[in-house]
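Asks: Below are the sequence and a predicted model; questions follow.
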Amino acid sequence: GNPGVEWYSRYDGGKSEVIMLGSIYSWRDRGGEYHSTTDDSDAGVLHDIFEREGIEGLSRLNGEFFAVIRDFDMGAVHIATDRLGTIPAVTSQSSDATVVTTNIQLLASDPGIELAYDEEGLVEYFAFQRTYGTKTPLADVDRLKPGTVDTYETSELHSKERYWRPRLDPGPLSFEEYVD
């Protein structure tokens, strides 16, 4: 990782608690101005934006992160990925809970999860040395989509919300002004 990057951080207070892996480099306020997070806790920045604006505020974060947000008011847990899903995470259903992890190998240590190979996913993995989309080589184990928040209430998936989509916004500059 980068020197000084806070790869694990936690912030608890108010109506929510945030635990995150990764780093937030900057965030954009409602007026479009960017702010650096070098002096702030990354989880604290995510927490403050979530407390003010909810899931919609995540679209203005720049960084690489995977976050678990415990929403006390809603009685829910939100699982969020950054815009590009740079920290891969997977979900699976055990006998008594939904399991979310950034290390797919840890699923084998949960006695409530019966692991089996997904034939299509396995063929794809052997052919291309990776799987595409949210598929994994394991049955009933899915990768989280980039730029989304999965919301769980009492271990059940309540909703999947995509908070960010890429869009082209060339701005007022001409093509020649963008190219060196």
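Replies: Perfect, thanks for sending it.
Asks: okay, CA-based contacts and neighbour counts for the rest of this
Replies: Fine.
Asks: Go through stretch 90-103 and flag the buried ones.
Replies: Neighbour counts using 16 or more other Cα atoms under 10 Å place V90, T91, S92, Q93, V99, V100, T102 of stretch 90-103 among the buried residues.
Asks: Show the contacting residues for the fifth one.
Replies: I take that to be V99. Applying Cα atoms under 8 Å, 6 or more residues apart in numbering, one finds that V99 lies in contact with T91, S92, Q93, L107.
Asks: Okay, it and I19: tell me how far apart.
Replies: V99 sits 16 Å away from I19, going by Cα to Cα, to the nearest Å.
Asks: The second one too?
Replies: Using Cα to Cα, we find T91 at a distance of 17 Å from I19.
Asks: can you check the first one too?
Replies: If you measure V90 against I19 using Cα to Cα, the figure is 16 Å.
Asks: same thing with G85?
Replies: Distance, G85 to I19, by Cα to Cα: 16 Å.
Asks: So in terms of bridging, what pairs with Y8?
Replies: With DSSP bridges applied, the residues forming beta bridges to Y8 are L21.
Asks: tell me the pLDDT at it?
Replies: What the model reports for Y8 is a pLDDT of 79.
Asks: now do I19
Replies: As summarised for this prediction, I19 has a pLDDT of 94.
Asks: And P170, by the same measure?
Replies: On pLDDT, P170 comes in at 69.
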